[in-house]
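[1] just to be clear, the model below is a prediction. Sequence and coordinates:
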Amino acid sequence: MRTKLSVWLALSLCLAVSMAAVVFLALQSLDKADKWASIGSFAAALVTMCGSVVMFTVRRNAAVSDASSAPAAGGRSQRVSRMLNIVFRNRVVINGNHNKTQIDLRSRSDG
């Protein structure tokens, strides 16, 4: 329940900020509105970049904690091994056989 409330609060805040920006830009002259829009787009890109870094760090820490809590035969968790297999060791993608529909999700011990 708390997560849903947080999502709705975040969406409401984004909507309010967007509406305030539209009203503010509508009340400016064209030259000033263009300059403010440039600054706003830079700020939005910066916030997006920071959010991406934070989410990457959080997910990476979660994957590391999962790996340390449930080690597999090779010393890695099954989740991390599958991720590595799908991303880096997928034979279908490496060999260029894109017509195959089967993907081998078993972890390999070659490296």
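    Received it, and whenever you're ready, just let me know what you need.
[2] all contacts plus neighbour counts: C-alpha atoms, from now on.
    Fine.
[3] sec struct for Q28, please.
    coil (DSSP: H, G, I helix; E, B strand; the rest coil).
[4] do you know how far it is from A21?
    Distance, Q28 to A21, by CA to CA, to the nearest Å: 11 Å.
[5] who's more crowded, those two?
    Shown here are Q28 and A21; by other CA atoms under 10 Å, A21 has more neighbours (15 against 12).
[6] which SSE is the more buried one in?
    Assessed by DSSP states H and E, A21 sits inside helix 2-26.
[7] just checking, next helix/strand downstream of that helix?
    From helix 2-26, the next helix or strand downstream (DSSP H and E) is helix 30-69.
[8] quick check: domain ranges of this protein?
    2-69, 73-111 (automatic domain parsing).
[9] which ones are touching the closest residue in space to A33 that isn't next to it in sequence?
    Closest residue to A33 apart from its sequence neighbours, by CA to CA, 6 or more residues apart in numbering: L25 at 5.2 Å. Taking CA atoms under 8 Å, 6 or more residues apart in numbering, we find L25 in contact with 33, 36-37.
[10] restricted to buried residues, select those in PyMOL.
    Those of the contacts of L25 that count as buried under 16 or more other CA atoms under 10 Å are selected in PyMOL with:
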select buried, resi 33+36
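[11] any chance of the contacts of L25 in CSV, plus pLDDT and distance to L13?
    Formatted as CSV, the contacts of L25 follow (pLDDT from 0 to 100; distance: CA to CA, whole Å):
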residue, pLDDT, distance to L13
A33, 93, 22
W36, 94, 20
A37, 93, 19
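[12] if anything else comes up later, I'll come back, but that's it for now.
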